[in-house]
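**Q** Coordinates for the following, if possible.
(2 chains)
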Amino acid sequence: MPEPSLPPQPPETPDAAAAPGGGPVVLVIEDDPQIRRFLRATLGTHGYRLLEATAGESGLVEAATRQPDIVILDLGLPDIDGLEVIRRLRDWTTLPIIVLSARGQERDKIAALDAGADDYVSKPFGVGELLARMRAALRHATRSPDDAGESTFSLGELHVDLPKRQVSIAGNQVHLTPIEYRLLTTLIRHAGKVLTHRQLLLEVWGPPYADQAHYLRVYMAQLRRKLEADPARPRYLLTEPGVGYRLASE
Amino acid sequence: MRDPLEDPVQELPGKLAWDVMSLHDQRPDPDALLARVKEEETRQTRGKLKVFLGAAAGVGKTYAMLEAAHARRTENMDVVVGWVDTHGRAETEALLKGLELLARRPIEYRGTILTEFDLDGALARHPTLILVDELAHTNAPGSRHTKRWQDVHELLDAGINVYTTLNVQHLESLNDVVAQITGVRVHETIPDSVLEQADEVELVDLPPDELLQRLKEGKVYIPEQAQQAIRNFFRKGNLTALRELALRRTAERVDAQMRVYMRDHAIPKTWPVAERLMVTIGASPSSGRLVRAAKRMADSLRAEWIVAYVETAAHTRLSEEDRAQVAATLRLAEQLGAETVTLTGQRISEEILAHARARNVSKIIVGKPASSLWKRIFVGSIVDNLVRGSGDIDVYVISGEKAAPVDLAAAVRPRRTDWPAYGRAATVVAFCTAVAWVMFPHFELANIIMVYLLGVVGVAARSGRGPSIAASILSVAAFDFFFVRPYFSFAVSDTQYLVTFGVMLVVAVVISGLTIRIRAQAEAARHRERRTAALYAMSRELASVRGGENILSAATRHIAEVFRCQVVVLIPDDSGRPTIQAGLPAQFAMDTTELGVSQWVYEHRQMAGLGTSTLPGAKALYLPLVAPRGTLGVLGVRPAEARALEGPEQLHQLETFANQTALALERAQLAEEAQQAQVRAEAERLRNALLSSVSHDLRTPLATIMGAASSLLEDGTHFHRGTWQDLLQSIVDEAERLNRLVSNLLDMTRLEAGTHAVKKEWHSLEEVVGTALARMGKRLGNHPVAIHVPADLPLVQMDGVLIEQVLINLLDNGVKYTPRGSGIDISASSSDDAVLIQVADRGPGFGPGEEERVFDKFYRGQTADSRGVGLGLAICRAIVEAHGGKIWAENRPGGGAVFRFTLPAKEVPPEMPEVA
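**A** The predicted model follows:
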């Protein structure tokens, strides 16, 4: 089968996917050349192989033909809406998608996450933050086939024995109500990933409660009081303002 | 001997006089010049009026006008003949050739078709110059205006130049002079102001002999039926007199122009002494003549003139016709350019003199008294009193000439007799007789007379003069008949009773007269009081309400109440078409005709419609709402019965109400504009502050980033590791700072534009504080933050992202203004209806008065390291206030600053069903 014609690559861009080494392949769909340049330099240094697309349509073609391991997608693209790119990718693939979006556009982030994006990073962002998100997303992507594989979860002093339904913090057993436990385990299943209010409400309480964000806030506060040393400065149960919650992963 | 120079009393008057002279006489008065400039300006937009003035028909006015039109046409001017009557004169008709003629408008009137000048056609055609013959013509009923000069006025307003013709006898102020000369009273008159405002007047002159020659040769067309009358008119003596009038009129005009020239060029020599004339008028029809005579006198003296009417108690006794006559005379005076005043008082002469003194009047003009010799001897005539009290004011007495027969007929017309009042008077006398009959055996006759006098007072208190006098006579007769020997006979045995009768009659008449006068005064006072009170009530309410709509509704309510009518106010919309803004009660339907009338009124600033001479077919009367800055709208008044508004007094009062409304409206508009200007100025100030902050505060971090990055790029390999680290760290720090600045600017812009809608949800304050701390991250540096949020604090309704921003900005503020290592405390507490959040530091606190200013946009504390735009706290305030809360700052006891804000918590958090 002949290769579909690709837009000509800028000459200084090495074909990262073809570069030696077996690091994961990242497809960056972003129209701003400066951000692409900086991602190219940083991600390359951290062992990722880079594919670049400057627009939504060409990005979709890249994703279909070059089969990247993860996609970094800017929401503001010149041709089609970033949300549309997510939807069309999700038609055929579960590969992790990380969205780049400006702060203050919480609604866009939620829409992207609900549409199937795995995580987001707010512009302007530091490299460390982006790499952490990518690691978490890739970890989930590789783990998802054997879902029931892990029976315990440990993070710092928090230890959860899933088969026994036991939660302890610094070795002390903590008693959780069924809802609190279900909330915690839902977060554990997606550890390191952001979960929107809606996603959490659907999984923990069920569809009739999808809009009752205050349930979530009350139970999250209770859970923090039981698990966190200083509930106002949580270590494990992190808040993503205006978007949802995330369980720290490392 | 005293040195005159050392005598200040001698010195002063002369010097003063010189000063005044130099001030007033050497230079043109700036106000007057300004007024003239304004006049010039309106003149430039208005069309120019040229009047071809002649002494009589047939002198060749139309001919001259047409010749002039041809001359203009050869200059390529767009000339149209709007209306020209050639009267079949061949030479004139020949001149019409080659000129565009405007079609005439047919008007059906009582079965016959009349043709009239087509005003709307002319306005639509809009030529540069239009010819409209016979300015004094009266339009057929059904035309827009009753007079042609009003049509011409409208043409001029529309910017069309007009040529027209006029015979001198049609001028209002010359009306009775002409009648005196020729014995023919002209009914088609035009106000003198029309001629005065003409831009050019060309006198078309023909010696009487030549005119008569032309008549004989049949060159002047005369209708058969009027031949005889006209022949009387065209006598040499008449023509010479009329010619003199026309010449004099033109000469006066030239003189006036000369004066204007002198005023403009500050030629002081012939400055006339400021004269002021005052004319007193009465209800007599001859007052009109008095006014015209005064007008001529004022013109020749170039003096201001005042026409005064004194409303005494007698005014209330006047018939409707007489009152209308007074109002008509006053209106005539206004048309002729006089100032009119209505004075109120008991003695005419005193009021006149008092007002004359107050206004510095130099000459008083009165009519020759028509009162009887008797009255003059006993009461004294007005003229005598005036002359006696006038002092240095000249008093001119002008013969009160017999009024025209028509007017006399009106004066002679019998007044309605109030027969029931006479019946009541008779009844009262009968009752008095009955009482006296009972008293007769026991009392003296003198007391019996008292009973009758009491009766007369009673009648006078309730009825008019006639019944009172009747009661007086009846009383005397009854007294004689019943109580004077021989009884039951009018015969008198003792002649000394005749004296009793005489005195009794006189006393009764005088008492009744006095009683009636008191009553009339009271009535007049009450009447005036009512008018004043109504106006006062409206003015007061208009002064107290704010906003155009409230003013309109208050005004319509008052006007509807006082005049018992339906009222609408129309204000022009964006396209300049008046539309209804307010109306009471149940505003009447405005069809297109009525709207058309209101449009006309709005554009021409003149009242029109019902009861006026313009568009009298309308269902309502429309008055323009004229304020100093322009016409604001139109007041429409539709009385319950059509006659209700016809009294001139009513019209005048309605005008006063309309003026009050217009002034109030303008005041409201000015206030609104002032407010808008203030808002604009504030926006401008903010924009400037924003620009300066963008240019300075955004460039500083950019400079650091560029400097650090470029030095790394160029010399990076030479730096050792520590320098690298430093430069890179400063790039990151400055980039973060830049990001914060931009975010703040964006947030402020969004908050102000209202696009940042507050999205309230139930939030845990602890969580919001947590995220704020997390986002502050490294920026907190080594400032320890202590958090005191009670565990049982209920959920609070807020926009989590925005309140988090408030906390971040407050923390940021604390970090910026406090020394390193000092702590920051965040605490929260809840009351019944609010949650209070505090952020306190141990920094320098606030200077005096600074607590308020810190929340101003672009305000930066003096102790700041100036690393910000001064928006952080302004954003806090905007966000908290958008939540319905309050934010304030105080100095913290023990040193430092504390920021407090509240969030309303009136609603109880929703119930949480425990899901098992």
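
**Q** rest of the way, CA atoms for contacts and neighbours
**A** Fine.

**Q** Could you check which residue of chain A lies nearest chain B?
**A** Chain A approaches chain B most closely through A:Ala232 (4.6 Å), counting by C-alpha to the nearest C-alpha.

**Q** For that residue, the count of nearby residues, please.
**A** Residues lying near A:Ala232 (other C-alpha atoms under 10 Å in any protein chain shown) number 23.

**Q** Can you give me every residue that contacts it?
**A** Taking C-alpha atoms under 8 Å, 6 or more residues apart in numbering or on different chains, we find A:Ala232 in contact with B:766-767, B:769-770, B:787.

**Q** cutoff 10 Å now
**A** Counting by C-alpha atoms under 10 Å, 6 or more residues apart in numbering or on different chains, A:Ala232 touches A:221, A:224-225, B:765-774, B:787-789.

**Q** swap in B:Leu727?
**A** For B:Leu727, the contact set (C-alpha under 10 Å, 6+ apart) comprises B:704-705, B:707-709, B:711-712, B:716, B:733.

**Q** One more pass at 7 Å, please.
**A** B:Leu727 makes contacts with B:Ala708, as judged by C-alpha atoms under 7 Å, 6 or more residues apart in numbering or on different chains.

**Q** again, but for B:Arg629
**A** By C-alpha under 7 Å, 6+ apart, B:Arg629 lies in contact with nothing.

**Q** Which residue ranges make up the domains of chain B?
**A** Using automatic domain parsing, the domain parsing of chain B gives B:4-34, B:46-264, B:276-326+B:335-411, B:419-522, B:545-588+B:600-638+B:648-674, B:699-752, B:757-904.

**Q** Looking at the contacts of A:Ala232, which is nearest B:Ala354?
**A** Nearest to B:Ala354 among these is B:Leu765, at 81.5 Å by C-alpha to C-alpha.

**Q** What is the burial count for the closest one?
**A** For B:Leu765, the number of neighbouring residues by other C-alpha under 10 Å comes to 26.

**Q** Ok, B:Glu752 next?
**A** Neighbour count for B:Glu752, taken as other C-alpha under 10 Å: 12.

**Q** what's the spacing between B:Met279 and chain A?
**A** Heads up, residue B:279 is Val, not Met. Distance, B:Val279 to chain A, by C-alpha to the nearest C-alpha, to the nearest Å: 81 Å.

**Q** Verify the assumption that that residue is located in a helix.
**A** No: residue state for B:Val279 (DSSP: H, G, I helix; E, B strand; the rest coil) corresponds to strand; a helix is not indicated.

**Q** number of nearby residues for it?
**A** Neighbour tally, B:Val279, other C-alpha under 10 Å: 27.

**Q** give the contact list for it.
**A** B:Val279 is in contact with B:294, B:306-308, B:364-366, counting by C-alpha under 7 Å, 6+ apart.

**Q** If we check chain A, which of those are in contact?
**A** Of the entries in the contacts of B:Val279, none also sits close to chain A under the rule C-alpha under 7 Å from any C-alpha of the partner chain.

**Q** Now, those that are in helices?
**A** B:Ala294 (DSSP state H).

**Q** Of the contacts of B:Val279, which is the nearest to chain A?
**A** Taking C-alpha to the nearest C-alpha as the measure, chain A sits nearest to B:Ile306 out of the contacts of B:Val279, at 75.5 Å.

**Q** how about the residue most central in space within chain A, what does it touch?
**A** Residue closest to the average C-alpha location in chain A (C-alpha atoms, centre = their mean): A:Asp119, at 2.7 Å. A:Asp119 makes contact with A:97-99, A:113, A:133, A:193-194, according to C-alpha under 7 Å, 6+ apart.

**Q** Please identify which two of those residues are farthest apart in space.
**A** Using C-alpha to C-alpha, these reach their maximum pairwise distance at A:Leu113 and A:Arg133, which is 13.6 Å.

**Q** of those two, who's got more company?
**A** A:Leu113 (23 against 20).

**Q** Am I right that that one is in a strand?
**A** No: according to three-state DSSP, A:Leu113 belongs to no strand; its state is helix.

**Q** can you map out the strands along chain A?
**A** Applying DSSP state E to chain A gives strands spanning A:25-29, A:49-53, A:70-74, A:97-102, A:119-123, A:152-155, A:158-161, A:166-169, A:172-174, A:194-196, A:237-240, A:244-247.

**Q** Quick check: strands, which of the contacts of B:Val279 are part of them?
**A** Within those, residues falling in strands by DSSP E are B:306-308, B:364-366.

**Q** So what's the residue count around residue 198?
**A** You didn't say which chain, so I picked chain A. 21.

**Q** you looked at the wrong chain, it should be chain B
**A** 14.

**Q** That one - that's part of a strand, no?
**A** No: per three-state DSSP, B:Ala198 lies outside any strand segment and is coil.

**Q** I'd say it and B:Phe52 touch.
**A** No: between B:Ala198 and B:Phe52 there is no contact under C-alpha atoms under 7 Å: 10.3 Å.

**Q** list residues touching both of those two?
**A** Going by C-alpha under 7 Å, 6+ apart, no residue sits against B:Ala198 while also sitting against B:Phe52.

**Q** What strand or helix carries the closest residue to chain A within the stretch 701-850 of chain B?
**A** Per C-alpha to the nearest C-alpha, the residue of the stretch 701-850 of chain B with the smallest distance to chain A is B:Gly770, at 4.6 Å. For B:Gly770, the host element (DSSP states H and E) is helix B:765-776.

**Q** what's the longest helix seen in chain A packed up against?
**A** Across chain A, the longest stretch assigned as helix under DSSP H is helix A:127-143. Identification of packing neighbours for helix A:127-143 by 3 or more C-alpha pairs under 7 Å, 6 or more residues apart in numbering or on different chains; DSSP states H and E yields no helix or strand.

**Q** Quick check: buried residues in it?
**A** A:130, A:133-134, A:136-138, A:140-141 (16 or more other C-alpha atoms under 10 Å in any protein chain shown).

**Q** so where's the stretch 551-700 of chain B shaky on pLDDT?
**A** Counting by pLDDT under 70, the ranges of the stretch 551-700 of chain B that qualify are B:581-589, B:641-649, B:693.

**Q** And the helices in it?
**A** B:592-604, B:648-697, B:699-715 (DSSP state H, counting those that start in this stretch).
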